[in-house]
Every structure is written in structure tokens, then in C-alpha cells.
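K.L.:
pasting the sequence and the predicted model now:
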Amino acid sequence: MLSIRDNLEQIRAALPAGVRLIAVSKTKPVGDLQQAYDAGQRLFGENHALEMRDKHAVLPSDIEWHFIGHLQRNKVKYIAPYVSLIHSIDSLLLLQEVDKEAAKHSRVIDCLLQFHIASEETKFGLDMQEADALLQSEVYKSLQHVHIVGVMGMATNTEDTQLIRSEFIRLHDIFTQLKQRYFADDTAFREISMGMSHDYPVAIEAGATLIRVGSAIFGARQYNLN
């Protein structure tokens with residue numbers, strides 16, 4: 001059985017230039033994150049605000065924390081002081097809440113717009129019409145403490161590689177359209193977050209700049225059933 005260090009080294013060795021690896025550490029104990037850190041990993045992804053807060057409190061301060069799950073507005077305050085990138089902005093109301101909490105800490109928080117690209121209805125995310133409405137709104141234009149730097153999406157959970165590829169290509173197309181319409185002069189708008197343990201090679205082929213890999217690094221997810 002390969003170690004966390006071995007897994008990281010294997011994945012990193014296959015990454016092309018311009019693609020960054022987020023170690024998805026949700027449900028994993030602090031000791032596993034420390035092993036990944038000791039192996040050189042600095043980007044970690046969590047999907048529960050309180051879990052991320054608690055890990056941030058005890059792990060090295062140079063970790064770059066990414067929030068990758070569905071974010072409830074009442075939980076934003078727990079991550080606003082330190083989060084590096086929120087991947088899952090799926091409404092103007094959530095973006096307003098992030099702006100409000102970021103202002104309290106005199107920060108500008110980088111964010112990605114999450115798009116619904118999968119065939120599964122259970123996935124969260126915007127469609128293009130909703131994104132246009134958000135970005136054209138006067139409320140969005142008034143926000144001072146958030147910075148949209150790209151897009152995120154989750155493909156259908158399937159073995160059908162062609163379907164997954166088409167969904168990732170669609171997200172890349174959405175990114176290109178938004179870049180042309182709203183962010184042509186913003187060099188920071190460059191991130192496409194897509195791909196997980198089972199499909200990240202396909203995501204890289206489709207233009208991902210951030211991949212979110214958990215089980216391929218840490219092993220199967222652990223749940224607290226108590």
C-alpha cells in the first residue's frame with residue numbers, strides 16, 4: 001500500500017505546468033494532513049466550514065485553504081479570516097455574505113463561480129443565464145471584498161468517460177465566454193477547477209488549472225457515524 005507521500009509524488013509527477021493540485025482532506029484526521037504537508041503539499045480542500053476552521057487552527061500557517069463544498073451563508077464567518085479560495089459560489093446572496101464577512105477582516109476573498117454541468121440534478125451550481133444576471137447586477141458591481149477569479153464544476157459520477165469529457169469541455173467553454181464578456185482585462189480570472197480522483201486526467205486534458213483529489217492521496221473517505 002502506497003503512503004500519502006508516495007501518492008502525492010505520483011500525482012504531481014504527471015501534472016503538466018499550470019495545473020495545481022488541491023489535496024481534498026475532508027473527513028481526514030489532522031495527522032494525515034500533516035503527512036501531506038511534510039511531503040510538500042500546501043493546498044488543501046475542505047467542504048465543511050467548522051472542520052476547516054478546526055484544522056486551520058492546529059496546522060501550519062502557510063497552508064492555502066480552499067473551500068470546495070456547498071457553502072451555507074451562516075457558515076461563511078468561520079472561514080472568512082483565512083480562506084484562500086472559495087470554489088462554490090452559486091448565488092448572489094452567498095457572494096454578498098462572503099463580501100460582508102471579508103470586509104470585517106479587511107480582506108478580499110478570491111472566489112469561483114460554480115456551474116451545474118452534470119446530468120445529476122443533485123449537484124449545485126449556476127447556469128449561464130443565472131451567471132449573466134449575477135455579473136450584470138448592480139449589487140455585484142458594488143461588492144468590494146470579493147474577487148471572482150474563475151469557475152468550478154463537478155462532472156456526472158459515471159464511468160462514461162465521453163460524458164465526463166463533454167461536461168468538462170462545456171465548463172471550459174463557459175470560462176471562455178465569461179472571460180470575453182466580463183473579465184477580458186482581469187489577469188486574475190484564470191482558474192478552472194474541475195476533476196477529482198477518478199476523472200482528473202480527463203479534466204486536465206480539457207483545460208483544468210486546479211484539480212481536487214482526495215481518495216487517490218489519502219485513501220477512502222472516513223465518516224464519523226456516531
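P.N.:
Received the coordinates, thanks.

K.L.:
how about stretch 126-144: buried residues?
P.N.:
By neighbour count on 16 or more other Cβ atoms under 10 Å, the buried set for stretch 126-144 is L126, E130, A131, L134, L135, Y140, L143. To be clear about C-beta, it is placed using only N, CA and C from the backbone, and glycine gets the same treatment.

K.L.:
endpoints of stretch 108-121, how far apart?
P.N.:
For stretch 108-121, the first-to-last residue distance is 32 Å (Cα to Cα, to the nearest Å).

K.L.:
low-confidence ranges, this protein, go.
P.N.:
1, 122-123, 221-226 (pLDDT under 70).

K.L.:
which residue ranges form the strands in it?
P.N.:
Here the chain has its strands, by DSSP state E, at 20-24, 43-46, 64-67, 85-89, 109-115, 146-153, 191-193, 210-213.

K.L.:
W65: which of the buried residues of stretch 126-144 is nearest?
P.N.:
Set against W65, the nearest of the buried residues of stretch 126-144 by Cβ to Cβ is L143 (21.3 Å).

K.L.:
now the longest helix seen in the chain and strand 146-153, what's the angle there?
P.N.:
Ranked by residue count, the top helix of the chain under DSSP state H comes out as helix 161-182. Computed by axes from the mean of the first three to the mean of the last three Cα atoms, to 10 degrees, the angle separating helix 161-182 from strand 146-153 equals 160 degrees.

K.L.:
pull the CA atoms of helix 161-182 into CSV?
P.N.:
Output in CSV follows, covering the C-alpha atoms of helix 161-182 (Å, rounded to 0.1, in the frame of the first residue of the first chain):
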residue,chain,number,x,y,z
THR,A,161,-15.5,9.0,-19.9
GLN,A,162,-17.0,10.6,-23.0
LEU,A,163,-19.8,12.2,-21.0
ILE,A,164,-17.3,13.4,-18.4
ARG,A,165,-15.1,14.9,-21.1
SER,A,166,-18.1,16.7,-22.7
GLU,A,167,-19.1,18.2,-19.3
PHE,A,168,-15.5,19.4,-18.7
ILE,A,169,-15.3,20.9,-22.2
ARG,A,170,-18.6,22.7,-21.5
LEU,A,171,-17.1,24.2,-18.3
HIS,A,172,-14.1,25.4,-20.3
ASP,A,173,-16.4,27.0,-22.8
ILE,A,174,-18.3,28.7,-20.0
PHE,A,175,-15.0,30.0,-18.7
THR,A,176,-14.0,31.4,-22.1
GLN,A,177,-17.4,33.1,-22.6
LEU,A,178,-17.2,34.8,-19.1
LYS,A,179,-13.6,35.8,-19.8
GLN,A,180,-14.6,37.5,-23.0
ARG,A,181,-17.7,39.2,-21.7
TYR,A,182,-16.7,40.3,-18.2
